[in-house]
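Asks: Sequence and predicted structure, then a few things I'm wondering about:
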Amino acid sequence: MSTSKYTIVTGPIEEGRARIGESTKPRTGIEVSEALIKLTCGTVRDGNPRYWQDGESPPGMLYTWLQDYPWAPNHTRARVLATQIPLPGGSVANAGQKVEFHDTVRVGDRLSVTETLVSISDEKKTPLGVGHFVVTRADISRVDGSAIATVTNTLFRYNQA
């Protein structure tokens, strides 16, 4: 198993498939803030009163609250699960995403995410190259455990054509 300069773990498909069903440890993001909601809505000129007056976060900001710092003292950045599974192919392209919301994100919430490896396809040939589609599920909740969203993501891991 080797790691490329982009921190994409490579290895044989058998090693990757052996990890199907594995989950990451929960990772907690930043506290949902009114200031960041208003800054984002002001930038895109979204005047929805739920975001300006009612303390609700726009659905499109879901991953904002789970972002890892680009740098912080004594901190190791979290990596996307699909890039840490040993597979052939050192390049990635996101192929699709489905988000199912269970509750509204509100000012003061603190969210946590756990990713699970769901499946790895047989080898596929696409215009990008030859590789595998990797499906992961992110279960997003408040730190108290109440469900917020389930995100199913498909990423293509490939060797460039």
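Replies: Sure, I can see it.
Asks: Give me the distance between V118 and Q84.
Replies: V118 sits at a distance of 15 Å from Q84 (criterion: Cβ to Cβ, to the nearest Å). Bear in mind the C-beta positions are built from the backbone N, C-alpha and C, glycine included.
Asks: the more surrounded of the two?
Replies: Applying other Cβ atoms under 10 Å to V118 and Q84 shows that Q84 carries more neighbours, namely 18 against 14.
Asks: Pretty sure the more buried one sits against V9.
Replies: Yes. At 5.2 Å, Q84 and V9 qualify as touching, with contact defined as Cβ atoms under 8 Å.
Asks: Going along the chain from the longest helix seen in the chain, find the next helix or strand for me.
Replies: Secondary structure of the chain read by DSSP state H shows that its longest helix is helix 34-44. Toward the C-terminus, helix 34-44 is succeeded by helix 49-52 as the next helix or strand (DSSP states H and E).
Asks: What are the buried residues along that next one?
Replies: By neighbour count on 16 or more other Cβ atoms under 10 Å, the buried set for helix 49-52 is Y51.
Asks: which stretches of this structure aren't confidently modelled?
Replies: With pLDDT under 70 as the threshold, the chain has low-confidence stretches at 1-6, 161.
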